[in-house]
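Asker: Sharing a model prediction with you, sequence too.
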Amino acid sequence: MDKILVIDDSPVQTTFLCSILKDDYELTARHTAQEGLQAAREGGWSLSLLDVVMPGMDGYEMMRILKSTPCYKTIPVIFLTAETRAESEVEGFNCGIVDYITKPFVPIVMKKRIETQIALAEYERSLEEKVAEKVEEIESMYDLMTISFAGLVESRDGVTGGHLKNTSLFFKLFIEYLMELPQYRDELPESLVRRACRSAPLHDVGKIVIEDAVLRKAGGLSKEEFEQMKMHSVIGGDIFAFIKGRIPDREFAEVAEQIARYHHEKWNGSGYPDGLKGKNIPLVARIMSIVDVYDALTSKRPYKEPFSHERAMIMIAEKSGIEFDPELVNEFLNIEDRIKACLHVKEQMITEQQYFMVH
């Protein structure tokens, strides 16, 4: 049975309303706006009948509170009042009411209007749930495509296997920490962070076109080979620049382009491909550059054994203000225990997140 919250300062009025509606609804009556707000916190209301003129807080003020508070705002509210001025009715709708019934009311008409508004609210909630389900389905598809494509790229690289996935774990840990800090909150809204985490596994996507002789070379690269390898950041950036105007989620493509193109730029301007310097380098790319190097340092390569977490942190700190944003390095060092814990369990985390791999 649907629950209706009746808020009216007249006990006679609330008793009359309850007598009319009791056979069809579960009713709760309150006589002040403050009591009504307290009752509203209990949740589960299908609808509220609210008087406009009440002592203390009136119906308009209560509506503004209801609509500005997440736990209340979905409750449909009908004004039930003796006020007949058109201006009052307009003000009510501006505050967010769904209907306006003037006294004296006709019981059968009032019941039908209540029934209609409850049905509309239920239909709206159903649509919202379906939209949320579809969005979640699309988000999951994006994630699966991203990590699968990253796995395909990585399968070509016999030297840095696991790097894209490992780096993504450190990137997610670091950026989600930064987004909670006051100085980064405006630059790292939740929507951007979510897209940045999704695009992180694709930061080296441009390597897909690098020749095997260069990409899979176990030793050091010649000058010519290194120049070819450096093109992966340009190619990766160009890929996302190309699709930016061709997919609905433009923000994802923009963030992915920044990370792919600029994660090898250095704080002092000595990086590539464009020699950007300082905060001219996009923030997401500056974040990626730190975790990218951290994973490279702590991973085994044909030409070196992995450095310890402690040694890697020292080496990153030594490059603060040279290769890396010094403020970001300080924050990275502040969470080194979390980074170390992530390093120890990264293979388990990769398995749990079902990252695609080609052996």
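Answerer: Ah, there it is.
Asker: show me where the stretch 51-200 of the chain has strands.
Answerer: Assigned strands in the stretch 51-200 of the chain, in chain order: 77-81, 99-102 (criterion: DSSP state E, counting those that start in this stretch).
Asker: Make TSV from the ones you listed and add mean pLDDT, distance to Met288 and mean neighbour count to it.
Answerer: Where you see a C-beta, it was placed from the backbone N, CA and C, and this is true even at glycine. Putting these into TSV (pLDDT from 0 to 100; distance: least, CB to CB, whole Å; neighbours: other CB atoms under 10 Å) gives the following:
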stretch	mean pLDDT	distance to Met288	mean neighbour count
strand 77-81	92	48	23
strand 99-102	92	53	17
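Asker: between the ones you listed, which one is nearest to Ser199?
Answerer: Distance to Ser199, taken as CB to CB, is lowest for strand 77-81 among the strands of the stretch 51-200 of the chain, at 42.4 Å.
Asker: nearest residue to Pro55 other than its sequence neighbours?
Answerer: Once flanking residues are discounted, Pro55 sits nearest to Asp9: 6.1 Å by CB to CB, 6 or more residues apart in numbering.
Asker: Can you tell me the SS state at the one you found?
Answerer: Under DSSP: H, G, I helix; E, B strand; the rest coil, Asp9 falls in the coil class.
Asker: Give me the phi and psi for it.
Answerer: Dihedral pair for Asp9: phi -80, psi -10, per degrees, to the nearest 10.
Asker: ok so, going back, any chance of a markdown table for the strands of the stretch 51-200 of the chain, columns distance to Leu192?
Answerer: Listed next are those as a markdown table, based on distance: least, CB to CB, whole Å:
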| stretch | distance to Leu192 |
| --- | --- |
| strand 77-81 | 35 |
| strand 99-102 | 40 |
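Asker: picking up where we left off before, do I have it right that the residue nearest to Pro55 meets Gly56?
Answerer: No - using CB atoms under 8 Å, Asp9 is not in contact with Gly56, being 9.1 Å away.
Asker: which residues are in contact with both of those two?
Answerer: Thr32 (CB atoms under 8 Å, 6 or more residues apart in numbering).
Asker: nearest to Asn334, of the strands of the stretch 51-200 of the chain?
Answerer: Distance to Asn334, taken as CB to CB, is lowest for strand 77-81 among the strands of the stretch 51-200 of the chain, at 47.2 Å.
Asker: Give me the contacts around that closest one.
Answerer: With CB under 8 Å, 6+ apart as the test, strand 77-81 has contacts from 8, 17, 47-53, 59, 63, 66, 88-89, 92, 96-103, 105, 110, 113-114, 117.
Asker: who does it pair up with?
Answerer: Note on strand 77-81: by DSSP bridges, its sheet partners are strand 47-50 (parallel), strand 99-102 (parallel).
Asker: Who are the contact partners of the closest residue in space to Lys300 that isn't next to it in sequence?
Answerer: Leaving aside its sequence neighbours, Lys300 sits nearest to Pro306 (CB to CB, 6+ apart; 4.9 Å). By CB under 8 Å, 6+ apart, the contact list for Pro306 reads 297-300.
Asker: neighbour count winner among Asp9 and Gly56?
Answerer: Remark: of Asp9 and Gly56, Asp9 carries more neighbours, 17 against 10, as counted by other CB atoms under 10 Å.
Asker: who's in contact with that one?
Answerer: 31-32, 51, 53-55.
Asker: ok, so what distance separates the closest residue to Asp8 other than its chain neighbours from Phe79?
Answerer: In space, and not counting its chain neighbours, Asp8 is closest to Asp51: 4.1 Å by CB to CB, 6+ apart. As for Asp51, its distance to Phe79 is 8 Å (criterion: CB to CB, to the nearest Å).
Asker: re earlier: three-state assignment of the residue nearest to Lys300?
Answerer: Note that with three-state DSSP, the state of Pro306 is coil.
Asker: ditto for Ala29
Answerer: Put simply, Ala29 is strand when judged by three-state DSSP.
Asker: Quick check, pLDDT for it.
Answerer: Listed pLDDT for Ala29 reads 93.
Asker: mind listing what the residue nearest to it when sequence neighbours are not counted touches?
Answerer: Nearest non-adjacent residue to Ala29, counting by CB to CB, 6+ apart: Thr14, 4.0 Å away. Residues near Thr14 by CB under 8 Å, 6+ apart: 6, 8, 29, 31.
Asker: For the residue nearest to Lys300, what are phi and psi?
Answerer: Phi and psi for Pro306, reported as degrees, to the nearest 10, are phi -70, psi 140.
Asker: swap in the one 4 residues further on?
Answerer: According to degrees, to the nearest 10, the main-chain angles of Glu310 amount to phi -60, psi -40.
Asker: okay, now it: neighbour count?
Answerer: By the criterion of other CB under 10 Å, Glu310 has 10 neighbours.
Asker: measure it to Glu323 for me?
Answerer: Taking CB to CB as the measure, Glu310 falls 19 Å from Glu323.
Asker: now swap in Leu49 and tell me
Answerer: Separation of Leu49 from Glu323 (CB to CB): 65 Å.
Asker: Could you list the low-pLDDT ranges of the chain?
Answerer: Within the chain, the segments meeting pLDDT under 70 span 158-162, 346-359.
Asker: now the strands paired with strand 77-81 in TSV, with distance to Leu328?
Answerer: Supplementary listing: these in TSV, determined by distance: least, CB to CB, whole Å:
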stretch	distance to Leu328
strand 47-50	49
strand 99-102	54
